[in-house]
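1. Have a look at this fold, sequence not included:
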């Protein structure tokens, strides 16, 4: 006889789920046994992907969902298992990844008694999910499972089913039946009045600038068409980089703490800033005037910047509707000025800093990231640890429309790169997946190296090993504080990886970097390159306040402040070729 757990797994199979990431144990055992009895994905069922920490399982599910656009699932046992799960579920939800978390619970008759491992999962997960409900009786299944799936897929975020172990083991009360989940999301077109208002505002502006975010994922061509029509330079957020920067003759870089180029100047000199599909969080980098926002989610309107007005709609659909209404703009002086300023800014930092990094010992991380960018596959997936690895990915990994760059860019959790890589690789076993790991992040969830070995996942981990929490050090320097508690003992991560049964190399000299990267990328299986990098190679934002400069002057006498931008200078130079000389 089918159980409640069987029904849950049947619904997931019908929804296209092929794997669940988690750690087996006590209250979750009936669900795990139901997975076992499906026979695995090779037989039309579901695989159980055993991770070493439930947090990593949720991160893996988040990456799979972002890479595929489809529902991914993670699971944790009662009490501590749920608490471990929580971190990665937050990341999935804030990234808009359709993830269902199965949070098993203590026996239903013990809830409220202070029982062993008792927590309150519905309260714990309420803040990081669109839907969180407990299955209290067999009669609620499979209905609640389907509602949870629809919430995760339809609202693009996390949904949580809390399932007491005894309830999951009970016989099903209803037939499971067949039911298809939600299809592709619609392209939301703004109201006619909003389209007319937007077109009029663009036409009246003399200097238009576009700030593009992850909401432009499927609108690359439309964004460039709008930039062409409006004579607008195009900047981007970190999450928008992979979707709008490639093949973009209007590119002026990125704003924010990790930014570079003329994006900040373009925003503040424009008399109209179009925020397209971005929830860019750092309001102090935004001009707070002359701003119109286009977003499919009305809750994001105006929460980062003062707006003249907002337009609710899909970015691509909105641009397609507004383009025919725009007058042809002859004056390109603002665009050309910003492109020149962008190129000059990049040239200065490259000339001043990056030309000699290939000879420096300890190794500069910019050099490592630059070589990795050159050697990685054209369709590689990069997963990036929070911290300085975000900087190196933002400035050195070149998007091309086929590569993906995944990170904890909204939640900002450490230790995400390796578990994100697990999910990306499990979802697409034949694709090159590269985890750009900070040594601090890798040390947090280092047990997931064993997960790579267990499941023979050919992830390539490049460890930026500077024996320091570099971003925290930078934060202290900006505040004028002496660095404290950021440095730690050197660790031989290559030796640890070998002990875990992985192929590994260590690079300490410039001549070892390219060979090491080529070697691990070519290896048939999981591999680790441990690169010893300079702990004093930090990054300075392109626009900082006088107080921050004072902080650096007080505390950064030995610190290298880089503005390296990899291939971005080449792109900027190529974009100047079609500009008339002043």
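-> In hand now; what should we look at? In this text, all values refer to a predicted model and were calculated from it rather than measured experimentally.
2. avg pLDDT for stretch 403-410?
-> The average pLDDT for stretch 403-410 rounds to 96.
3. What ranges does the stretch 301-450 of the chain have for its helices?
-> Assigned by DSSP state H, counting those that start in this stretch, the stretch 301-450 of the chain shows helices spanning 315-322, 333-352, 365-375, 388-396, 417-427, 439-444, 448-455.
4. most packed of those?
-> Most buried of those, by mean neighbour count (mean count of other CB atoms under 10 Å): helix 417-427, with a mean of 29. (Glycine included, C-beta is placed from N, CA and C.)
5. quick check, distance from that helix to the centre of its chain.
-> 12 Å (CA atoms, centre = their mean, to the nearest Å).
6. Residue 59 is nearest to which of the helices of the stretch 301-450 of the chain?
-> helix 417-427 (3.6 Å; CB to CB).
7. quick check: angle from the closest one to helix 448-455?
-> Relative orientation of helix 417-427 versus helix 448-455 (axes from the mean of the first three to the mean of the last three CA atoms, to 10 degrees): 20 degrees.
8. Show the average pLDDT along helix 417-427.
-> The pLDDT scores in helix 417-427 average 98.
9. before we move on, back to that, among the helices of the stretch 301-450 of the chain, which is nearest residue 279?
-> Smallest distance to residue 279 across those (CB to CB): 12.6 Å, for helix 315-322.
10. if we can go back for a sec, mind putting the helices of the stretch 301-450 of the chain into TSV with distance to residue 479?
-> Formatted as TSV, those follow (distance: least, CB to CB, whole Å):
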stretch	distance to residue 479
helix 315-322	37
helix 333-352	23
helix 365-375	23
helix 388-396	17
helix 417-427	27
helix 439-444	19
helix 448-455	33
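11. averaging pLDDT over each of these, which comes out lowest?
-> Among those, helix 333-352 carries the lowest mean pLDDT, at a mean of 81.
12. could you check the angle helix 388-396 makes with that one?
-> Using the same axes, to 10 degrees: helix 333-352 against helix 388-396 is 120 degrees.
13. same for helix 333-352, what does it pack against?
-> Under the contact criterion of 3 or more CB pairs under 8 Å, 6 or more residues apart in numbering; DSSP states H and E, helix 333-352 touches strand 251-254, strand 260-261, helix 263-269, helix 568-576.
14. Try it again at 10 Å.
-> For helix 333-352, the packing partners by 3 or more CB pairs under 10 Å, 6 or more residues apart in numbering; DSSP states H and E come out as strand 208-212, helix 220-230, strand 234-236, strand 251-254, strand 260-261, helix 263-269, strand 560-562, helix 568-576.
15. Can you tell me which of those has the worst average pLDDT?
-> Lowest mean pLDDT within the helices and strands packed on helix 333-352: strand 560-562, a mean of 36.
16. Can you give me the pLDDT of residue 478?
-> With respect to pLDDT, residue 478 scores 65.
17. the helices in the stretch 451-582 of the chain, which residues?
-> 470-478, 493-499, 510-522, 546-555, 568-576.
18. which one of those helices has the lowest average pLDDT?
-> Of all these, mean pLDDT reaches its minimum on helix 546-555 (a mean of 42).
19. quick one: which of the helices of the stretch 301-450 of the chain is nearest residue 531?
-> helix 365-375 (5.2 Å).
20. Now do that closest one against helix 388-396, angle only.
-> 60 degrees.
21. Please name every helix or strand in contact with helix 365-375.
-> Where contact means 3+ CB pairs under 10 Å, 6+ apart, helix 365-375 is packed against strand 381-384, helix 388-396, strand 433-438, strand 460-465, helix 510-522, strand 527-532, strand 537-539, strand 560-562.
22. How far does that helix sit from its chain's centre?
-> Chain-centre distance of helix 365-375: 20 Å, with CA atoms, centre = their mean.
23. Scan the helices and strands of the protein for the one with the lowest mean pLDDT.
-> Least confident helix or strand, the chain: strand 560-562 with a mean of 36, by mean pLDDT, DSSP states H and E.
24. Without its sequence neighbours, what residue ends up closest to residue 490?
-> Leaving aside its sequence neighbours, residue 490 sits nearest to residue 467 (CB to CB, 6 or more residues apart in numbering; 5.0 Å).
25. I figured the one you found was touching residue 492, is that so?
-> No - using CB atoms under 10 Å, residue 467 is not in contact with residue 492, being 11.1 Å away.
26. Relative to residue 85, how far out is the residue nearest the centre of the chain?
-> Note on the chain: the residue nearest the mean C-alpha position is residue 407, at 3.1 Å, using CA atoms, centre = their mean. Distance, residue 407 to residue 85, using CB to CB, to the nearest Å: 20 Å.
27. ok, back up a step: so what's the residue nearest to the centre of the chain closest to, chain neighbours aside?
-> For residue 407, the spatially nearest residue (CB to CB, 6+ apart) is residue 384, at 3.9 Å.
28. quick one: contacts for that neighbour?
-> Applying CB atoms under 10 Å, 6 or more residues apart in numbering to residue 384 gives the contacts 238, 390-394, 397, 405-409, 416-417, 420-421, 434-438, 441.
29. For it, give the beta-bridge partners.
-> On the basis of DSSP bridges, residue 384 is bridged to residue 407, residue 436.
30. tell me the pLDDT at it?
-> Looking at residue 384, the pLDDT reads 97.
31. What of residue 566?
-> 58.
32. Would you agree residue 28 is in contact with residue 169?
-> No - taking CB under 10 Å as the definition, residue 28 is not a contact partner of residue 169, at 11.0 Å.
33. between those two, what contacts are shared?
-> residue 5.
34. Pull out the buried positions in the helix or strand where residue 101 lies.
-> Using DSSP states H and E, residue 101 sits within strand 99-105. Within strand 99-105, the residues that qualify as buried are 99, 100, 101, 102, 103, 104, 105, counting by 16 or more other CB atoms under 10 Å.
35. No more questions from me, cheers.
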